[in-house]
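[1] Any chance you can model this:
(one chain, ligands or ions: 1)
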Amino acid sequence: TTSGRLDSLNSQVVGATESKNARVKLVLLGDSGVGKSCIVLRFVRGQFDPNSKVTVGASFLSQTIALHDSTTVKFEIWDTAGQERYAALAPLYYRGAAVAVVVYDITSPESFDKAQYWVKELQKHGNPDIVMALVGNKADLHENRKVPVQDGVDYAEKNGMFFIETSAKTADNINELFEEIAKRLPQVSSS
Ligand code: GDP
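    Here you go, the predicted structure:
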């Protein structure tokens, strides 16, 4: 449950006496069409709109979550908005990012391959302390699943990433994704 999860978050930051308000840059990476924009809209606005598409430039949204009374994390979320076509510009995009969320679509093995490409890029050019999450989205389409859960689990474990499957459509695990990321931030977990 959410309250159980938040309790465990609280217990991890016990000893932190002053309030903490972390502000972190979060970048989304992954093939076009895997659901990056929908994940953000679900998290920020609580909506799923299959037609809302970022058309020009990078979109930027922010959302603050409260972990307990005195800790908040403000995510400044950068959506790739097609930068996958300009791989050479990617290091500019993820410079300064504390969090990278690498998304694939569980019905698309190609998107899983592409996710692995982005992880390697982040390992080469990203901030060494970056918190990385691997997200298998469109979990509601399990009848068309082509990427086994275990493949995601194994790859994430090998690369020191947090792994979760989500559905922006049904809202499954969307808040959990961001809560788990917040929990892993050095700004939050160190006192
Ligand atoms: P982006 O290019 O990665 O930002 O992908 P979008 O967020 O624009 O989503 C691409 C398409 O996938 C849209 O038509 C969405 O309706 C659909 N989509 C996104 N997330 C989900 C999901 O969790 N389940 C299902 N069934 N469709 C999704």
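[2] For the protein, what lies in contact range of the ligand?
    Residues of the chain found near the ligand (C-beta under 6 Å from any ligand atom) are 30, 32-38, 50, 53, 137-138, 140-141, 167-169. The way it works is simple: take the backbone N, C-alpha and C, and place the C-beta from them, glycine included.
[3] Helix or strand next in line after the lowest-mean-pLDDT helix or strand in the chain, which one?
    Scoring the helices and strands of the chain by mean pLDDT, DSSP states H and E places helix 2-12 at the bottom, with a mean of 51. Downstream of helix 2-12, the next assigned helix or strand under DSSP states H and E is strand 20-29.
[4] Can you select the buried ones from the residues of the chain next to the ligand in ChimeraX?
    Of these, the buried ones can be selected in ChimeraX as follows, counting by 16 or more other C-beta atoms under 10 Å:
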select :30,34,35,36,37,38,137,138,140,167,168,169
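[5] Inside strands: which ones of the residues of the chain next to the ligand?
    Using DSSP state E, residue 137 are the members of the residues of the chain next to the ligand that sit in strands.
[6] which ones among the residues of the chain next to the ligand are found in helices?
    Filtering those for membership in helices, criterion DSSP state H, returns 36-38.
[7] For the protein, which residues score under the pLDDT cut-off?
    Along the chain, segments meeting pLDDT under 70 span 1-19, 52-60, 69, 80-89, 189-191.
[8] Any chance of the backbone angles for the residue nearest in space to the middle of it?
    Ranked by distance to the mean C-alpha position of the chain (C-alpha atoms, centre = their mean), the top residue is residue 101 at 3.3 Å. Backbone torsions for residue 101, taken as degrees, to the nearest 10, come to phi -110, psi 110.
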